[in-house]
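Trainee: fold the following, please.
(chains A and B)
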Amino acid sequence: MPVLTETHRALIGKETAHQPLPEAVNIAMARHWCEMVEDANPIYFDEECARDSWLEERFAPPTMLYTWRMAPVWPEREEESALSGLELEGCTLTLAVNAVQEYEQPLRYGDTLTVSSKISAISDEKTTRLGTGHFVTTTDTFRNQRDELVGIHSFTLFRYKPAGGEA
Amino acid sequence: MSSWSEGDMLPTISLDLTLRRAIQSVAGTRDYYPVHHDERAAKESGAEGIFFNTMFLQGFVGRAVCEWFGNDAFPRRLEVAMRGSNYVGSTLTATGVVAGTREEDGRSLLDADVTLSTEDGPTTEVKVTVQLPPEAAK
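Mentor: As a prediction, this is how the structure comes out:
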């Protein structure tokens, strides 16, 4: 499928409903995150340190934004996905190529978030050293329990079939 | 006015990309896509081995930003462009330079260009905008 069909074009810009995320913003996941990259910033955990700063209260590392939307591994849950209607023949593999995050406000522990997603772009067929496929950009919009915008994440993924077809 | 200015070099920060850290990354980012923990799946995808995911890179830059600009520096925008893979067994290094400072909507913002590299060379180009804490911005 070298060029996009009308069916593909029709998917671009179609936004899902705001769906609740699996867990409230929480310290346990923030700890795992900080251990992973050896982030010793006390502002995420130490109440006094946070209170003495202009940010006033503890918050989760801002770059965790996308992690809050990762689906539980078990049990499987039904989720409306912007990508669920997207059929790219033979493109079974995914590689992230670009990600942009914007942070509107700190995520406080206990915040409950929702996300809505849309496909913002699909490229024509391209061939890279990995294989042949399409670049697909999705944009996720995150809101909190007060329906305030807290962050945006745009992800460009290469959806491809491997070169040589060995997989 | 910020105490930072265009062209200021940022101290290098490094992290060993061990297999153990790859496992921490699965737990930390909740990303169970096989290429990030299964050597065979990674090779079948065309990669040389297990490689680290995007969220890990975002987290590493998030750490670096606060080490450079203060515990209460707050990132406003982060763009991560993956040009190569960050494999288990290598060392990840962040280097950066201040691209400029500006005032916008009452905020003191700093833009930095950051490169993540391994022994294989640069793997990831990063552009980050940080809101400086009030005292650092004066």
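Trainee: quickly note the distance from B:A47 to B:F60.
Mentor: For B:A47, the distance to B:F60 equals 19 Å [CB to CB, to the nearest Å]. All C-beta spots, glycine's among them, are computed from the backbone N, C-alpha and C.
Trainee: ok, those two, which is more surrounded?
Mentor: A count of neighbours by other CB atoms under 10 Å in any protein chain shown puts B:F60 above the other of B:A47 and B:F60, at 26 against 17.
Trainee: nearest spatial neighbour of that one, skipping sequence neighbours?
Mentor: Spatial nearest neighbour of B:F60, excluding adjacent residues (CB to CB, 6 or more residues apart in numbering or on different chains): A:V37 at 4.7 Å.
Trainee: residues touching the one you found, list them.
Mentor: Contact analysis of A:V37 by CB atoms under 8 Å, 6 or more residues apart in numbering or on different chains lists B:L15, B:G28, B:F56, B:G59, B:F60, B:G62, B:R63.
Trainee: now do it, the pLDDT please.
Mentor: pLDDT for A:V37: 98.
Trainee: just want the phi and psi numbers for it.
Mentor: Backbone dihedrals for A:V37, given as degrees, to the nearest 10, come out at phi -110, psi 10.
Trainee: kindly report the same for B:R20.
Mentor: phi -60, psi -40.
Trainee: quick one: the strands in chain A?
Mentor: Assignment of strands within chain A using DSSP state E yields the ranges A:19-20, A:93-103, A:114-122, A:126-127, A:131-143, A:149-162.
Trainee: quick one, longest strand in chain B?
Mentor: Counting residues, the longest strand in chain B under DSSP E turns out to be strand B:91-104.
Trainee: please state the offset of that one from the chain centre?
Mentor: Centroid separation for strand B:91-104 versus its chain: 10 Å, with CA atoms, centre = their mean, to the nearest Å.
Trainee: quick one: list the elements packing against that strand.
Mentor: Judged by 3 or more CB pairs under 8 Å, 6 or more residues apart in numbering or on different chains; DSSP states H and E, strand B:91-104 is in contact with strand B:9-16, helix B:54-69, strand B:107-118, strand B:121-131.
Trainee: ok, 7 Å please
Mentor: On a contact count with 3 or more CB pairs under 7 Å, 6 or more residues apart in numbering or on different chains; DSSP states H and E, strand B:91-104 meets strand B:9-16, helix B:54-69, strand B:107-118.
Trainee: need the winner for burial among these.
Mentor: Using mean count of other CB atoms under 10 Å in any protein chain shown, the stretch among these with the largest mean neighbour count is helix B:54-69, at a mean of 24.
Trainee: adding mean pLDDT, write the helices and strands packed on strand B:91-104 out as TSV.
Mentor: As requested, these are exported to TSV (pLDDT from 0 to 100):
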stretch	mean pLDDT
strand B:9-16	98
helix B:54-69	98
strand B:107-118	98
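Trainee: who touches the nearest residue to B:L15 once chain neighbours are set aside in this structure?
Mentor: Spatial nearest neighbour of B:L15, excluding adjacent residues (CB to CB, 6+ apart): B:L92 at 4.9 Å. Applying CB atoms under 7 Å, 6 or more residues apart in numbering or on different chains, one finds that B:L92 lies in contact with B:S14, B:L15, B:L17, B:F60, B:N86, B:L116, B:T118.
Trainee: try B:A27
Mentor: By CB under 7 Å, 6+ apart, the contact list for B:A27 reads A:H32.
Trainee: rerun that using 8 Å as the cut-off
Mentor: Residues counted as contacts of B:A27 (CB under 8 Å, 6+ apart) are A:H32, A:M36.
Trainee: now the helix or strand containing it, how far from the centre of its chain.
Mentor: For B:A27, the host element (DSSP states H and E) is helix B:19-29. Relative to its chain's centre, helix B:19-29 lies at 16 Å (CA atoms, centre = their mean).
Trainee: go on, stretch A:156-166?
Mentor: Distance, centroid of stretch A:156-166 to centroid of chain: 21 Å (CA atoms, centre = their mean).
Trainee: buried residues in it?
Mentor: Neighbour-count burial for stretch A:156-166 flags A:T156, A:L157, A:F158, A:R159, A:Y160, A:K161, A:P162 (criterion: 16 or more other CB atoms under 10 Å in any protein chain shown).
Trainee: with stretch A:74-92 instead?
Mentor: Buried, per 16+ other CB under 10 Å, within stretch A:74-92: A:A82, A:L83, A:L86, A:L88, A:C91.
Trainee: interface residues of chain B facing chain A?
Mentor: B:15, B:21, B:24-25, B:27-33, B:44-46, B:53-56, B:58-63, B:66-67, B:71-72, B:74-82, B:133-134 (CB under 8 Å from any CB of the partner chain).
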